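>>> fold the following.
(4 chains)
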There are 4 protein chains.
Amino acid sequence: MSSDFRLNDVGEYEKYYGSHSKPELLKEFVYGIPELHRSEIEKSDFIAKAGCNATATILALYPLYKKGLVEKSVVEVKVGSSEAGNKPSLSSHHPERSGSLRSFKPTNHRQIAEMSQELGARVDFSATSVEMVRGILATCHVFLNQDLSEKDIWKIYREFYGEEKFIRIVKDNEGIYRFPEPKILAGTNYCDIGFERDPNSNRLVVISALDNLMKGSAGQAIQCFNIMHNFPEDTGLKFPGLHPI
Amino acid sequence: MSSDFRLNDVGEYEKYYGSHSKPELLKEFVYGIPELHRSEIEKSDFIAKAGCNATATILALYPLYKKGLVEKSVVEVKVGSSEAGNKPSLSSHHPERSGSLRSFKPTNHRQIAEMSQELGARVDFSATSVEMVRGILATCHVFLNQDLSEKDIWKIYREFYGEEKFIRIVKDNEGIYRFPEPKILAGTNYCDIGFERDPNSNRLVVISALDNLMKGSAGQAIQCFNIMHNFPEDTGLKFPGLHPI
Amino acid sequence: MSSDFRLNDVGEYEKYYGSHSKPELLKEFVYGIPELHRSEIEKSDFIAKAGCNATATILALYPLYKKGLVEKSVVEVKVGSSEAGNKPSLSSHHPERSGSLRSFKPTNHRQIAEMSQELGARVDFSATSVEMVRGILATCHVFLNQDLSEKDIWKIYREFYGEEKFIRIVKDNEGIYRFPEPKILAGTNYCDIGFERDPNSNRLVVISALDNLMKGSAGQAIQCFNIMHNFPEDTGLKFPGLHPI
Amino acid sequence: MSSDFRLNDVGEYEKYYGSHSKPELLKEFVYGIPELHRSEIEKSDFIAKAGCNATATILALYPLYKKGLVEKSVVEVKVGSSEAGNKPSLSSHHPERSGSLRSFKPTNHRQIAEMSQELGARVDFSATSVEMVRGILATCHVFLNQDLSEKDIWKIYREFYGEEKFIRIVKDNEGIYRFPEPKILAGTNYCDIGFERDPNSNRLVVISALDNLMKGSAGQAIQCFNIMHNFPEDTGLKFPGLHPI
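Purely as a prediction, here's the structure:
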């Protein structure tokens, strides 16, 4: 569950976390995002659960990077208070944390290392905390190196995630839930992904949402566990979410 | 107070808002951000109050654009529910709006036109609504065309805003309020600005915060009014904010 | 689901709601709280779903009234915004409703009629809205007509509700969740009940919590439906709730 | 500011707080609610700032007790998280405290001692924490020993508080702010009081609201300080509050 074995490269690890006491084990571990590494997870006994911000970012961007379509990407995650763990501190003290909209890690977030490893490129990443307990919303500004329509983008995401149980494309022209939104995912293992092409530039805005305690943590760990043991992948993960909430 | 006379160029207006019934008046109006147009405001009888998202974005980026230091910038504002006005609707209905973290305008926001006019360049802009009533936080990812240290950046902001009553540079290495944050600005006319250099790229993250009903609206209008009438600029605008809130 | 057939007595109905167009049907309907009327529900085709505030209040107080132990009771419910329905209005407009702590019905609430019918006595009832979407907390100040210990009270509640699937007694001496609390019941069909004896008077404080959209509405309707059709009573109602939320 | 010298009677003190190391000083202190003890405050060098919950309760009930009109009263305060002080703990940890509606002190609250002292009678008191940072709402169910109309009640409150700068009677038949509400008092020194007669019993519901950090604490201390030093009573206390918030 920790970040100890998420990176394959000890040098990258040390850049963000300091020295590693068991570097020889790094190569044994599979990075625990099933949508990217399912067949390796099936065969492995060592899975490093992916970071929550990294999961939201990687799932949003992976198809585009894999296809070689990205010139540059800038990502900002908005996160709830449960991401900071269960240890009380001044920054988690309700009168201080309540109503906050706080730029807590504008640059140099540790999970950038995971994103680089999985996407094969460095993203410009910032993290902001918002008034929420569970949830992550990643807003990914992707500058494309070719002219793609929204239809083309749909096709690419369907190709990668069309068979995935826990990834849904959320993109509507009407209503108030036109794009992914974390509150309706609380308690679920979904990662919802949506997008909009900027008509005035080469930018594509990709939006992903998940529950940091589920698809961003324990839920994804259970999904990996199910795969390792050849159980139906959604065993214990069927909660569809609440509305309103 | 409306958006009718913020743009000098009728073509730009029509691109975002449709046809204009009094285009001849556009040139009469001064764009109402005192930090950029104080001397014109002093002499004018027609001030178009700046948009709230535009004010947060423009004040954050103006010194850098003015100095010609920007290669590209990507901005995401996070906004409270009062920005949508006082008319009840399904999207403002508390059970739907509460706890939302909603990408409501990923691309093509109308106030981009104001930003382009004042900054002389197009920014890639998105807007997300968060659980909050008053407030805007703008996270601006600025890609610099030269290598500048944080000290250099400080100097530039001080040069532009050092004498400004309603702009404060907020940047601390310790504590929980290290960067600008809207909740402590509720009811005030401040625009707080902070920044952090990304050690791994040419990115500078500039963060600005304000109360959309004050510096983003009525407060800035009063500030302009004070200038027009030669009153002390902070008349009626001395509220320092509440903490905790 | 409506309040049209909750009352047996047309006179009581008219006092709170105005004239009734089908008074002859009133006697056909069973009041839909299974813990009080399960055997009648089994045999009936007409169930009037109980009111949400009434359910929280009645379940908290029923054992004590039934045993003839109550001299007087004063109840205040604290309710979320979803109780007011899904129609936007000024009072549900997020900037007005957010953060509210609003005494919206200090006296004369309509559901008092249901409480009187089921408890056989009039309670002094008030309703206050709080910052929350789903949930009701009823704080019931019960003045006892005899000296009962907390152990005695436990015994009484166990006698009435010991076999009930959807009622849990929540009463701890330590920790932060010592008494019932609505947020951890969001999406569940539970009514949690706890209590504390006032050492300085004949007061017993009974606290009940539920999700107004579940045990207070659709969930209880499904529970009744299951009973009517001889299905396991918790069919479709097994969600255990989320934490943290 | 502490609770050390609020009680005149050492016996009462010890019942709630344990032994007192300087009981001889108790008689020197004046209980710091100006509306009750202004002339004593003027002459004293020792003021014990009143408790926040006690201030809301006492101000709501004082005129009725003073006039001998009360048979019994039951009070429940709803309080924000800043009341618990600035020390982080599990119960103030944002993921646990957020969205809570928690019966934290159903009986035996320490400030009952102050209320008894000032009102000359024991009230049945409970305290519940709600999602809010600043603020207290006291809902007081007063059972009257005579039949009084709302007009009579108005007259009584006007008699006691008509000249008070920081007490306002809030009671409207229309609109959404018909009764006192803490959010619009954040940062102010007001105690707003409203009421409604129950048409079906001898109950009068009195509702009071204040900011626990102002009229419930520092604000009231400053008010006392102003009186002691013969300054205008509202010096430093003129903030009228924010809306929306």
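>>> got the residues of chain A near chain C?
Contact residues (C-beta under 8 Å from any C-beta of the partner chain) of chain A with chain C: A:82, A:133-134, A:186-187, A:239, A:242, A:244-245. C-betas here are computed from N, CA, C, even on glycine.
>>> which of those residues lies closest to chain B?
Set against chain B, the nearest of these by C-beta to the nearest C-beta is A:Pro244 (4.0 Å).
>>> that closest one: which element?
If you go by DSSP states H and E, A:Pro244 is not part of any helix or strand.
>>> count of residues packed around it?
20 (other C-beta atoms under 10 Å in any protein chain shown).
>>> which ones, among the residues of chain A next to chain C, also lie beside chain B?
A:244-245.
>>> show me which pair in the residues of chain A next to chain C is furthest apart.
Using C-beta to C-beta, the residues of chain A next to chain C span at most 19.9 Å, a distance reached by A:Ser82 and A:Pro244.
>>> what about A:Phe104, which SS state?
Look at A:Phe104: counting by DSSP: H, G, I helix; E, B strand; the rest coil, its state is strand.
>>> likewise the one 3 residues further on?
When classified by three-state DSSP, A:Thr107 comes out as coil.
>>> what is the neighbour count of it?
Counted with other C-beta under 10 Å, A:Thr107 comes out at 19.
>>> chain neighbours aside, what residue packs nearest to it?
Distances taken as C-beta to C-beta, 6 or more residues apart in numbering or on different chains place B:Asp198 nearest to A:Thr107, at 3.9 Å, with adjacent residues excluded.
>>> now the strands: where do they sit in chain A?
When secondary structure is read from DSSP state E, chain A shows strands at A:30-32, A:47-49, A:70-79, A:102-105, A:124-129, A:136-144, A:167-169, A:191-197, A:203-210.
>>> any chance of those in JSON lines, plus distance to chain B, mean neighbour count and mean pLDDT?
Shown next, in JSON lines, are these (distance: least, C-beta to the nearest C-beta, whole Å; neighbours: other C-beta atoms under 10 Å in any protein chain shown; pLDDT from 0 to 100):
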{"stretch": "strand A:30-32", "distance to chain B": "21", "mean neighbour count": "24", "mean pLDDT": "98"}
{"stretch": "strand A:47-49", "distance to chain B": "23", "mean neighbour count": "23", "mean pLDDT": "98"}
{"stretch": "strand A:70-79", "distance to chain B": "5", "mean neighbour count": "23", "mean pLDDT": "98"}
{"stretch": "strand A:102-105", "distance to chain B": "4", "mean neighbour count": "22", "mean pLDDT": "96"}
{"stretch": "strand A:124-129", "distance to chain B": "5", "mean neighbour count": "24", "mean pLDDT": "98"}
{"stretch": "strand A:136-144", "distance to chain B": "5", "mean neighbour count": "25", "mean pLDDT": "98"}
{"stretch": "strand A:167-169", "distance to chain B": "14", "mean neighbour count": "17", "mean pLDDT": "98"}
{"stretch": "strand A:191-197", "distance to chain B": "4", "mean neighbour count": "25", "mean pLDDT": "98"}
{"stretch": "strand A:203-210", "distance to chain B": "4", "mean neighbour count": "26", "mean pLDDT": "98"}
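>>> out of these, nearest to D:Asp192?
strand A:102-105 (31.8 Å).
>>> tell me what that closest one is packed against?
Judged by 3 or more C-beta pairs under 8 Å, 6 or more residues apart in numbering or on different chains; DSSP states H and E, the packing partners of strand A:102-105 are strand A:124-129.
>>> can you give me the end-to-end span of stretch A:8-23?
With C-alpha to C-alpha, to the nearest Å as the measure, the ends of stretch A:8-23 fall 9 Å from one another.
>>> stretch A:200-216 now?
33 Å.
>>> ok, now stretch A:81-99?
Where stretch A:81-99 begins and where it ends lie 11 Å apart, using C-alpha to C-alpha.
>>> what comes up buried for that stretch?
A:81-84, A:88, A:91-99 (16 or more other C-beta atoms under 10 Å in any protein chain shown).
>>> the residues you listed: which ones sit near chain D?
A:81-82, A:88, A:92-95, A:97-99.
>>> from the residues you listed, which land in helices?
A:94-95, A:97 (DSSP state H).
>>> closest one to C:Ile193 out of these, please.
Among those, and counting by C-beta to C-beta, the member closest to C:Ile193 is A:His94, at 26.5 Å.
>>> in this structure the residue nearest to A:Thr107 contacts A:His109, no?
No: counting by C-beta atoms under 8 Å, A:His109 is not a contact partner of B:Asp198; they are 10.4 Å apart.
>>> once you drop chain neighbours, what's closest to the residue nearest to the spatial centre of chain A?
Residue closest to the mean C-alpha point of chain A, counted by C-alpha atoms, centre = their mean, is A:Ala56 at 1.5 Å. In space, and not counting its chain neighbours, A:Ala56 is closest to A:Ala138: 4.2 Å by C-beta to C-beta, 6+ apart.
>>> so how far is chain D from the one you found?
20 Å (C-beta to the nearest C-beta, to the nearest Å).
>>> my guess is that residue meets A:Thr57, correct?
Yes: counting by C-beta under 8 Å, A:Thr57 is a contact partner of A:Ala138 at 5.2 Å.
>>> from the residues of chain A next to chain C, which would you call buried?
Buried among the residues of chain A next to chain C (16+ other C-beta under 10 Å): A:82, A:133-134, A:186-187, A:239, A:242, A:244-245.
>>> for chain A, what lies in contact range of chain D?
A:80-82, A:86-90, A:92-95, A:97-99, A:133.
>>> out of those, which one has the weakest pLDDT?
For the residues of chain A next to chain D, the least confident position by pLDDT is A:Asn86, scoring 88.
>>> please verify my assumption that that residue contacts D:His94.
No: contact criterion C-beta under 8 Å: A:Asn86 and D:His94 do not qualify, at 10.6 Å.
>>> tell me the mean pLDDT for the longest helix along chain A?
In chain A, taking DSSP H as the definition, the longest helix is helix A:52-66. Averaged over helix A:52-66, pLDDT sits at 98.
>>> what's it packed up against?
For helix A:52-66, the packing partners by 3+ C-beta pairs under 8 Å, 6+ apart are helix A:34-43, strand A:70-79, helix A:112-119, strand A:124-129, strand A:136-144, helix A:150-161, strand A:191-197, strand A:203-210.
>>> check contacts around the residue located most distally from the centre of chain A.
When each C-alpha in chain A is compared with the mean C-alpha position (C-alpha atoms, centre = their mean), A:Pro95 comes out farthest, at 28.9 Å. Under the criterion of C-beta atoms under 8 Å, 6 or more residues apart in numbering or on different chains, the neighbours of A:Pro95 are B:244, D:80-82, D:86, D:92, D:133.
>>> any idea how far it lies from C:Ala221?
40 Å (C-beta to C-beta, to the nearest Å).
>>> could you do A:Ser89 as well?
44 Å.
>>> now swap in A:Ile41 and tell me
A:Ile41 sits 43 Å away from C:Ala221, going by C-beta to C-beta.
>>> ditto for A:Lys105
Distance from A:Lys105 to C:Ala221, by C-beta to C-beta: 46 Å.
>>> what's across from A:Arg203 in the sheet?
A:Phe143 (DSSP bridges).
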